[in-house]
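In: model the structure of this input:
(one chain, ligands or ions: 2)
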Amino acid sequence: MPGSSETHVVILAAGQGTRMKSSLAKVLHPIASRPMIERVLETANAVDPATTTLIVGHKADAVREQLGKNPNLWFALQQPQLGTAHALQQAEPLLAGRAGSLILLSGDVPLLRPTTLKRLLETHRGSGAAATVVTATVDRPYGYGRIVRTQGHISRIVEERDASPTQRQIKEINSGIYAFDLAPLFDALRSIASQNAQGEFYLTDLIAIYRRRKLPVEALLIENAQEIRGINSRSELAEVSRLVRQKKNEELMAAGVTFIDPATTYVDPEAEIAADTVLHPGVVIEGRTRIGAACEIQAYVRISNSEIGDRVTINSFCLISGAQVATGAALGPFAHLRPGTTVGEKAKVGNFVELKNTNLGPRSKANHLSYLGDATVGADVNVGAGTITCNYDGVNKHRTVIEDGAFIGSDSQLVAPVTVGKGAYVGAGSSIVTDVPAGALGIARGRQNNVEGWVKRRKGSPGKS
Ligand code: UD1
Ligand code: MG
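Out: Ligands and ions are numbered 1, 2, ... in the order given. Next up is the predicted model:
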């Protein structure tokens, strides 16, 4: 049959997620900084699907908005949400006239590995089954559908709430992940009833229906039960997040990164860290951050979507987001690097210094208590303690330029737009409002006046104490 080797993916994500007790759709809850549904969609790509359909319902608009930019993703609306079988039925019009295999994924089962999904498709095709269910054996099966076998062969799935005490003892569980042959699927779904504890149309009933119709059903029992952990509550969300972090930390340690305490160090799966970098407790690395080799990242530093070169030292309590830091630079403690910031090779950013959309050149230093916003700072510049770029006039932002080798005396304000030329000096305590030419000294502060003998005269005058 033409097109019969096609694979179609359907992902169920319409349920309310009652047990989350959240105003956010369950599948939008983040795991290691990314909505769980995005992780499921990424896994789906492993089977190179001809079509991918997401079933949305509860908070459908928010889910669509999060994922809407992808033109290869189809949406089907399930309204009201009457159960997993009813959810899958919503894909029928979109898949009319299609043949081949349908892979069904759950939006709340985010740890499945791409290789397992490939294996599911291969096993399913190889056996010629009408349905293949991914299962695993777990110690605590509570809450999952149980796999009932007769003479060793899967005969049906019983949900927790509908299971007898004996069935509840079964440790083989349904992952909620299946491969189906498209041909008999939608017709069979119509014969599912809702006579169960929840009054819902359970997709799991399909297995018994297929067995009665003599359609071959297989179970793919996988060894690593962690992969099919479902998320139905905040506590499961935390548990699955922990597994994701643990896996990432182990990969990094295997690749030569030191974790002083892996349990308290959070690195998102998208981050990359090179060998001999040391991460101290409480470090959080988020998003697509890249960190070079032999860096020292002290306790309680948070870095998101940034690039850090080799041999960079980051002292405690720094927040770095959307910034680039070159090799050999030193930051912190208590430095704040905001988006659009670059720190040059061997440059130093000290305590209580904030950089926003600023380029600090190689070997330049801003060691204490400064705000540098919308500034271009050249090489070998010294920015004294308490220097502030006044970049905002209440309406617009303006740039400050400090050229190579300049020296900015402490407690100065540079009112942008303004340029301090090459090698120029700014006297401490100056408010600089016009450009300082190269090689000049710019000084702009009240002249000091010493009043000789003033103290003695004041104390000696009658009536004063
Ligand atoms: C389901 C399975 C259970 C399995 C478990 C694995 C059924 C009846 N039960 O239970 O056997 O062990 O997953 O994690 O299938 N959804 C919809 N529309 C609905 C209802 C649900 O789209 O009307 C979606 C949910 O958003 C979710 C998925 O389907 O992504 C599973 O639903 P959920 O309510 O979490 O089912 P479980 O109780 O986990
Ligand atoms: Mg679930």
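
In: near ligand 2, which residues of this protein?
Out: 108, 230, 232 (CB under 5 Å from the ion). Using the backbone N, CA and C atoms, a C-beta is placed for each residue, glycine as well.

In: ligand 1 next: which of the residues you listed are close?
Out: The subset of those within reach of ligand 1, by CB under 6 Å from any ligand atom, is 108, 230, 232.

In: so of these, which ones are in helices?
Out: Among these, no member is found in helices (DSSP state H).

In: which strands and helices lie in contact with the host helix or strand of Leu104?
Out: Under the criterion of DSSP states H and E, Leu104 resides in strand 101-106. Contact analysis of strand 101-106 by 3 or more CB pairs under 8 Å, 6 or more residues apart in numbering; DSSP states H and E lists strand 7-13, helix 36-44, helix 114-127, strand 172-181, helix 182-189 as its packing neighbours.

In: mind listing what's buried in the longest one?
Out: By neighbour count with 16 or more other CB atoms under 10 Å, helix 114-127 contains the buried residues 116-117, 120-121, 123-125.

In: any chance of those residues in JSON lines, plus distance to Glu218 and pLDDT?
Out: Shown next, in JSON lines, are the buried residues of helix 114-127 (distance: CB to CB, whole Å; pLDDT from 0 to 100):
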{"residue": "Thr116", "distance to Glu218": "15", "pLDDT": "98"}
{"residue": "Leu117", "distance to Glu218": "15", "pLDDT": "98"}
{"residue": "Leu120", "distance to Glu218": "10", "pLDDT": "98"}
{"residue": "Leu121", "distance to Glu218": "12", "pLDDT": "98"}
{"residue": "Thr123", "distance to Glu218": "7", "pLDDT": "98"}
{"residue": "His124", "distance to Glu218": "7", "pLDDT": "98"}
{"residue": "Arg125", "distance to Glu218": "11", "pLDDT": "97"}
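
In: identify the farthest-apart pair in those residues.
Out: Farthest pair in the buried residues of helix 114-127 (CB to CB) is Thr116 and Arg125. Separation: 15.1 Å.

In: any weak-confidence spans in the protein?
Out: Within the chain, the segments meeting pLDDT under 70 span 1-3, 461-465.

In: contacting residues around the residue of the stretch 51-200 of the chain found nearest ligand 1?
Out: Nearest to ligand 1 in the stretch 51-200 of the chain, going by CB to the nearest ligand atom, is Gly145, at a distance of 2.3 Å. Gly145 is in contact with 157-160, 173-174, 176, 204, counting by CB atoms under 8 Å, 6 or more residues apart in numbering.

In: same question, His336
Out: Counting by CB under 8 Å, 6+ apart, His336 touches 318-320, 353-355.

In: in the sheet, who's paired with it?
Out: Beta-bridge pairing of His336 under DSSP bridges involves Leu319, Glu354.

In: distance of it from Val353?
Out: Computed as CB to CB, to the nearest Å, the His336 to Val353 distance reads 7 Å.

In: and Ala219, by the same measure?
Out: The gap separating Ala219 from Val353 is 59 Å, by CB to CB.
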